[in-house]
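Asks: heads up, no residue letters with this:
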């Protein structure tokens, strides 16, 4: 149903690799793990790339991977990325800059995609950088507070792994006390290696409450093999009413649990990049955001956005055909999930503005 089509805000993504890639390096960036003597081009992600990306580079859909990559090299990495990103329908990117690797920063991603781009600051590498340059516990804690609040001046949000909040210790979900924080910081600074990021529950909670105090939306990232969103329900309830929205990034395994929390708590949202049908049967429509979570390959932005829009089209068409939604309501739900919810939560302008990489 064409009425569900529209612009997207990608509420959580990363940069792309700037150089040309051979077939092995390209395949290694596709999600999943191939069995011996098989290829990741024979996977849902591989098929999606071959379906949606070749026409954007002037080739027929489903062309052979070698032919596609030859055309990619012929165009050059930047031109290929530009053509691909401008075929996504994404006009605002919210870029988590904490992913390791030589990835384009928000300003360059936005310029290539012809879109606005904003930074989401990952808290763990921020703490790691402060620890690498702080000589004492007092200096570390003071510099950490200053760095979090300084980052809030130019970013639109923060992100952090949710796992340390679900440590099973029965610890309180509010801010840890100063003595507890000093002990945890002293132990970590004394035992860490240079470049190591904090993972202990006390320091992570301390970081998160600094972010809550800054007032920007906070993304909680959930590993597919880790605890689900229900394990952080105590923290979510402790932050209710404080003025900070929390966006759960659950991945497919934990989407149902995240949808229940978003339905129960007014400041909790969830961001998804898969078929939205199951989530939209559980969560209020104003609580769901599109987030492709792509990293490295511009093709993953294309495959994610095209797949999501196609799934949204199917959902709206089925609901309208069944008489459950009006056509106007279907278009409104698609616009909320695809763009408007993210603009409201992250306080983005209604249209993609001329400035890239800032608020």
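Replies: Structure's in. What do you need? The shown structure was predicted, so the numbers you read here are calculated from the model rather than taken from an experiment. Residues are numbered from 1 along each chain as shown.

Asks: make it CA atoms for all contacts and neighbour counts henceforth
Replies: Fine.

Asks: Need the mean per-residue confidence for stretch 298-308.
Replies: The pLDDT scores in stretch 298-308 average 96.

Asks: which residues are contacting that stretch?
Replies: Counting contacts by Cα atoms under 8 Å, 6 or more residues apart in numbering, the residues outside stretch 298-308 that touch it are 8, 16, 30, 45, 48-49, 52-53, 81, 84-85, 87-90, 273-276, 292, 294.

Asks: Point out the ones among those residues that are inside strands.
Replies: 8, 90 (DSSP state E).

Asks: Only whichever of the contacts of stretch 298-308 are buried, select them in PyMOL.
Replies: Command for PyMOL, covering only those of the contacts of stretch 298-308 found buried under the criterion 16 or more other Cα atoms under 10 Å:
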select buried, resi 8+16+30+45+48+49+52+53+81+84+85+87+88+89+90+273+274+275+276+292+294
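
Asks: can you confirm residue 164 is in a strand?
Replies: No. Assigned with DSSP: H, G, I helix; E, B strand; the rest coil, residue 164 falls outside any strand and is helix.

Asks: Low-confidence ranges, the protein, go.
Replies: 1-6, 166-172, 351-359 (pLDDT under 70).

Asks: Determine the longest helix present in it.
Replies: helix 298-321 (DSSP state H).

Asks: Would you mind listing the buried residues in it?
Replies: Within helix 298-321, the residues that count as buried by 16+ other Cα under 10 Å are 298-317, 320.

Asks: Next, the distance between the ends of stretch 88-100.
Replies: End-to-end distance for stretch 88-100: 24 Å, by Cα to Cα, to the nearest Å.

Asks: in stretch 174-183, what's buried?
Replies: Of the residues in stretch 174-183, 174-176, 181-182 count as buried by neighbour count, 16+ other Cα under 10 Å.

Asks: can you list these in a markdown table and add distance to residue 250 and secondary structure?
Replies: Listed next are these as a markdown table, based on distance: Cα to Cα, whole Å; DSSP: H, G, I helix; E, B strand; the rest coil:
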| residue | distance to residue 250 | secondary structure |
| --- | --- | --- |
| 174 | 22 | coil |
| 175 | 23 | coil |
| 176 | 25 | coil |
| 181 | 28 | helix |
| 182 | 31 | helix |
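
Asks: mind listing the helices for the stretch 151-300 of the chain?
Replies: Listed in chain order, the helices found in the stretch 151-300 of the chain under DSSP state H, counting those that start in this stretch are 178-191, 201-214, 233-238, 255-264, 277-280, 298-321.

Asks: The shortest one packs against which elements?
Replies: Applying 3 or more Cα pairs under 8 Å, 6 or more residues apart in numbering; DSSP states H and E, we find helix 277-280 packed against helix 255-264, helix 298-321.

Asks: Those helices into a markdown table, with extra columns for distance to residue 340?
Replies: As requested, the helices and strands packed on helix 277-280 are arranged in a markdown table below (distance: least, Cα to Cα, whole Å):
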| stretch | distance to residue 340 |
| --- | --- |
| helix 255-264 | 17 |
| helix 298-321 | 15 |
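
Asks: how close does residue 173 get to residue 212?
Replies: For residue 173, the distance to residue 212 - Cα to Cα - is 13 Å.

Asks: And for residue 50?
Replies: Counting by Cα to Cα, the gap from residue 50 to residue 212 is 42 Å.

Asks: So the two - more neighbours on which side?
Replies: residue 50 (22 against 19; other Cα atoms under 10 Å).
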